[in-house]
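Colleague: here's a sequence, model it:
(one chain, ligands or ions: 1)
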Amino acid sequence: MSHDMPGSDARQKTRGKAATAVFPPEEQVYQSFSIDEDKARTNVHYELPVEFFKALTGGEWNVYSANTWNRATTETESQEEKLDLLGELMGLRPGMRILDVGCGWGGPLTYLSRRFGVEGVGLTLSPLQKAAAEERVARYGANVSIFERHWKDHTDDRPFDAVYTDEVIVHFNDLGGYFAKVYSLLRPGGLMLNKEIHYTHRRYAELTRAMVFVNETYGFTGNYRTLAEELTLVGEAGFDLRRVEPLSTAQYVRTVDNWSANLKTHRTRLEELVGRDTFRRIQVYLAVGRHSLKGSRVTLDVVVAEKPRVGSGPAMVAGPAA
Ligand SMILES: C[S@@+](CC[C@H](N)C(=O)[O-])C[C@H]1O[C@@H](n2cnc3c(N)ncnc32)[C@H](O)[C@@H]1O
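Modeller: Numbers count the residues shown, from 1 in each chain. Now for the predicted structure:
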């Protein structure tokens, strides 16, 4: 979810016509934390009860990111439609091996594994998510392994055909380091896919009170960027850019509307589970995100890049002969 949101700030100080928002360092975006701290902070959100998130996200696969609604009419269909798109963009074929960094409750990877006949490995920082994902994998008999592990700690003795992130890199401060890690985990010719919200200009990363509220929801691990910044880091890691697929933010608005409706439907039980304050916080969080997605300051994009094959030829296109 995006945390860009207009709004007045109680701590805004006005000097003449210029207004400067003052927020303490601990509330800032783009903070760098240790692996243990990344885990503790993101788990402020992801260690809420599994039942809460299952009710919130709905559908068969409990996807906690934007789904698409081109032909879909139900939550399960919209989740599968989006996952089919990601699978096609990664060129998945039976026998391939893929890594889902930030695998949530294992729904996306279980679906992709069965739909495309691939072997899956998933990483999460949340013990509750890991247990829920493993239960799902066993229920479907999917060829998937789940690890409670930071991407920085993941090593593998076999290369991957594709590595993907679906609305996860917001939590990564060292995005260049992440792309370098993915590069090292892929086979030559393997694909990296990232779907994320992007600012349309760096100026929109400036803190507002609403942005601080959203960033606090996931332990101040917010790192949204522009697409240009992301693509620069993709290139610096050595990837060849293959495709940038824009998705309509209206798709995300519809996804969020479903989540909000789910909260309303299950309100009594969910308030019991997480308490009224947390329930209310998530409602406001979704409303802030929806407002942002309706505006013009963010886009939703899928970036696909390839680890070059060895001896794949000159990078420069030859000019006309002199
Ligand atoms: C918004 S959820 C997205 C889940 C899933 N991709 C989906 O679309 O349903 C973010 C996920 O990223 C994981 N995550 C955050 N930081 C991580 C890190 N440094 N290493 C591995 N996983 C991380 C969280 O534990 C959580 O599972």
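Colleague: any buried residues in whatever helix or strand Arg269 lives in, and which?
Modeller: Here Arg269 sits within helix 267-274, counting by DSSP states H and E. Buried positions in helix 267-274, judged by neighbour count with 16 or more other Cβ atoms under 10 Å: Leu270, Glu271, Leu273, Val274. In short, each C-beta sits where N, CA and C put it, glycine included.
Colleague: ok, now stretch 136-152?
Modeller: So stretch 136-152, judged by 16+ other Cβ under 10 Å, has buried residues Arg136, Val137, Ala142, Asn143, Val144, Ile146, Glu148, Arg149, His150, Trp151.
Colleague: now do the same end-to-end measure for that stretch.
Modeller: Taking Cα to Cα, to the nearest Å, the first and last residues of stretch 136-152 lie 25 Å apart.
Colleague: and that stretch, what's its mean pLDDT?
Modeller: Mean pLDDT, stretch 136-152: 98.
Colleague: ok, it near the ligand or not?
Modeller: Yes. Judged by Cβ under 6 Å from any ligand atom, stretch 136-152 comes into contact with the ligand at His150, Trp151.
Colleague: list the contacts of that stretch.
Modeller: Stretch 136-152 is contacted from outside by 35, 38-39, 101, 103, 105-107, 109-110, 113-114, 118-127, 130, 133-134, 154, 172, 177-178, 181, using Cβ atoms under 8 Å, 6 or more residues apart in numbering.
Colleague: any idea of the pLDDT on whatever residue of the chain ends up closest to the ligand?
Modeller: Nearest residue of the chain to the ligand: Gly102, at 2.6 Å (Cβ to the nearest ligand atom). If you check Gly102, the pLDDT there is 98.
Colleague: ok, the closest residue to it other than its chain neighbours - contacts?
Modeller: With sequence-adjacent residues excluded and distances taken as Cβ to Cβ, 6 or more residues apart in numbering, Gly102 is closest to Val168, at 3.0 Å. Going by Cβ under 8 Å, 6+ apart, Val168 touches Val101, Gly102, Glu196.
Colleague: which bits of the stretch 51-200 of the chain sit near the ligand?
Modeller: 63-65, 101-104, 108, 123-126, 129, 150-151, 166-168, 171.
Colleague: now the residue nearest the centre of the chain, nearest residue through space, not along the chain?
Modeller: By Cα atoms, centre = their mean, the chain has its centre lying nearest to Glu167, at 1.0 Å. Among residues not flanking Glu167 along the chain, Ser65 sits closest, at 3.8 Å (Cβ to Cβ, 6+ apart).
Colleague: what about the one you found, which SS state?
Modeller: coil (DSSP: H, G, I helix; E, B strand; the rest coil).
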